[in-house]
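Enquirer: Take a look and give me a structure for this.
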Amino acid sequence: MLIESVFNNKKVLITGHTGFKGSWLASWLNYLGADVSGIALPPPSSPSLFDEAGITNEILDIRLDVRNHEGLIKIVDELQPDFVFHLAAQSLVRKSYTDPIETWQTNVLGTLNLLDSLRKINEQCIAIIVTSDKCYDNVEWVWGYRENDRLGGPDPYSASKGAAELAFNSYVKSFFQSPDNGVLIASARAGNVIGGGDWAKDRVVPDCIRAWSAGETVELRNPKATRPWQHVLEPLSGYLLLACHLSKNQDIHGESYNFGPMDKDIKSVQQLVEEMSRHWDKVNWRDIPASSDGPYESNLLKLNCDKALMHLNWHAAMDFKETIRMTVEWYKEFYDADKKSQMKNITVAQIVEYTNLAKAQGLLWAM
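Expert: Reported below is the predicted structural model:
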């Protein structure tokens, strides 16, 4: 069956729905006919995809910090969702150095609070806990990390995501194993996502777009660093598909899955910017030397996604060039004064384009 039939008319809760990934997921689930609710803080940037795509008019928009334990339990108990996607997080590596306490509290305690709230649900519920590819203890080896590799990381963000995975595993084994348990749960790990509507600080694509739209030169901090670039719709398709399979196959309850691009699409920051420049006029950039006393940032990180391919029939549907094209096209439409008011339709159109591309490859089919 197609994923449309799984989510149509179902109650779906997204934490972090005002963020970049959460906004795309809310748009997609609304398109699939789901009854979507969201718990989050206000959008993390201005402009934001959440505001520009008019998402607040399509869902139940609840403003709550996931660090609020009692408040989160109360809302989840009231909603009694069929599906939960936990995306709420402090998601920036460099910010984790300036505010490590907020990073740890949001990424670990926020996840614990969500897990604890699931214990109060009376009906069957499928929950996907989203962490990050940076949950792995990255020693920058050349092969991809598998789901059973060591967790952790040197920076506060990576370490907090590894700790969130430990919390997930603990709750699965401690509270969600009884025969009458109605909660089925899995964790999902994805890497650097790009796409239209991201204006976060210290991310290369938003940095380029901000500079180029103002006719300025962008500074590349670490041009030789490689990243597993993928369009935001790629891992979101994995989360949706994982939830579909989990609802039909309890054997994958408590499992973790990587969702990353093909090895051939792992490119450097320099290659990313060069490909972006093919779709945007009058661009300039310059390399700046990395500071030896600056915060640690990994140079190489890749995922092994064989488990998702084997269990879910999931793999990335777009190659590197398609990913860049779709990303830049969204921003070009936004900065076109005549089309800015149409960003909701443009966002949905890209979801439809991606869906058709994936289906043509035999993807997005649930059990």
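
Enquirer: For stretch 141-156, give me every contacting residue.
Expert: Residues outside stretch 141-156 that contact it (C-beta atoms under 8 Å, 6 or more residues apart in numbering) are 93, 96-97, 100, 103-104, 133-138, 158-159, 161-162, 165-166, 189, 255-258, 260, 263, 295-297, 300-307. Bear in mind the C-beta positions are built from the backbone N, C-alpha and C, glycine included.

Enquirer: Give the buried residues for it.
Expert: 144-145, 147, 149, 151-153, 155-156 (16 or more other C-beta atoms under 10 Å).

Enquirer: repeat for stretch 53-68
Expert: Here stretch 53-68 shows 53, 55-56, 58-59, 61-62, 64, 66-67 as buried, counting by 16+ other C-beta under 10 Å.

Enquirer: The stretch 201-350 of the chain: strands as residue ranges?
Expert: All strands of the stretch 201-350 of the chain, identified by DSSP state E, counting those that start in this stretch, fall at 218-220, 226-227, 230-231, 256-259, 267-268, 285-287.

Enquirer: List of residues touching the second one?
Expert: Okay, so that is strand 226-227. Contacts for strand 226-227 (C-beta under 8 Å, 6+ apart): 191-192, 266-269, 272, 299-302.

Enquirer: Point to the helix or strand of the chain where mean pLDDT is at its lowest.
Expert: Within the chain, no helix or strand scores below strand 226-227, which has a mean of 80 by mean pLDDT, DSSP states H and E.

Enquirer: Please save the CA atoms from the helix or strand harbouring Lys161 in CSV.
Expert: Here Lys161, judged by DSSP states H and E, is contained in helix 156-175. The C-alpha coordinates for helix 156-175 follow below in CSV (Å, rounded to 0.1, in the frame of the first residue of the first chain):
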residue,chain,number,x,y,z
PRO,A,156,28.0,19.2,22.9
TYR,A,157,25.6,18.7,20.0
SER,A,158,26.9,15.3,18.9
ALA,A,159,27.2,14.1,22.5
SER,A,160,23.7,15.2,23.3
LYS,A,161,22.3,13.3,20.3
GLY,A,162,24.2,10.2,21.3
ALA,A,163,22.7,10.5,24.8
ALA,A,164,19.2,10.9,23.3
GLU,A,165,19.7,7.6,21.5
LEU,A,166,20.7,6.0,24.9
ALA,A,167,17.5,7.4,26.4
PHE,A,168,15.5,6.0,23.6
ASN,A,169,17.0,2.6,24.0
SER,A,170,16.5,2.6,27.8
TYR,A,171,12.8,3.5,27.5
VAL,A,172,12.2,0.8,24.9
LYS,A,173,13.6,-1.8,27.1
SER,A,174,12.2,-0.5,30.4
PHE,A,175,8.7,0.6,29.5
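
Enquirer: what's the neighbour count on Asp77?
Expert: Using other C-beta atoms under 10 Å, Asp77 has 12 other residues around it.

Enquirer: Kindly report the same for Gln250.
Expert: Gln250: 10 neighbours (other C-beta under 10 Å).

Enquirer: Confidence-wise, which of the contacts of strand 226-227 comes last?
Expert: Among the contacts of strand 226-227, Asn299 has the lowest pLDDT, at 61.

Enquirer: Could I get the full set of helices for the stretch 151-300 of the chain?
Expert: Along the stretch 151-300 of the chain, counting by DSSP state H, counting those that start in this stretch, helices occupy 156-175, 204-213, 233-248, 269-277.

Enquirer: looking at those helices, which is buried most?
Expert: helix 233-248 (a mean of 24; mean count of other C-beta atoms under 10 Å).

Enquirer: Which strands or helices does that helix pack on?
Expert: helix 3-7, helix 20-31, strand 83-86, strand 125-130, strand 183-190, strand 256-259, helix 306-312, helix 343-360 (3 or more C-beta pairs under 8 Å, 6 or more residues apart in numbering; DSSP states H and E).

Enquirer: Tell me which of those lies nearest to Ala225.
Expert: Ala225 lies closest to strand 183-190 among the helices and strands packed on helix 233-248, at 17.8 Å (C-beta to C-beta).

Enquirer: What pLDDT does the model give Arg146?
Expert: pLDDT at Arg146 comes out at 94.

Enquirer: what's the distance between it and Lys134?
Expert: 15 Å (C-beta to C-beta, to the nearest Å).

Enquirer: Check Gln124 too.
Expert: 32 Å.

Enquirer: Help me confirm that Glu70 is found in a strand?
Expert: No. Under DSSP: H, G, I helix; E, B strand; the rest coil, Glu70 falls outside any strand and is assigned helix.

Enquirer: Verify the stated contact: Cys188 with Ala127.
Expert: One correction, residue 188 is Ala, not Cys. No. With contact defined as C-beta atoms under 8 Å, Ala188 does not reach Ala127; the gap is 10.7 Å.

Enquirer: ok so, going back, out of the helices and strands packed on helix 233-248, which is closest to Pro228?
Expert: When the helices and strands packed on helix 233-248 are compared (using C-beta to C-beta), the closest one is strand 183-190, at 8.5 Å.

Enquirer: Quick one: distance of that closest one to the chain centre.
Expert: 13 Å (C-alpha atoms, centre = their mean, to the nearest Å).

Enquirer: and that strand, what other elements does it pack with?
Expert: Against strand 183-190 (3+ C-beta pairs under 8 Å, 6+ apart) you get strand 125-130, helix 156-175, helix 233-248, strand 256-259.

Enquirer: One more pass at 6 Å, please.
Expert: strand 125-130, helix 233-248, strand 256-259 (3 or more C-beta pairs under 6 Å, 6 or more residues apart in numbering; DSSP states H and E).

Enquirer: So which of the ones you listed is nearest Trp24?
Expert: helix 233-248 (6.0 Å).
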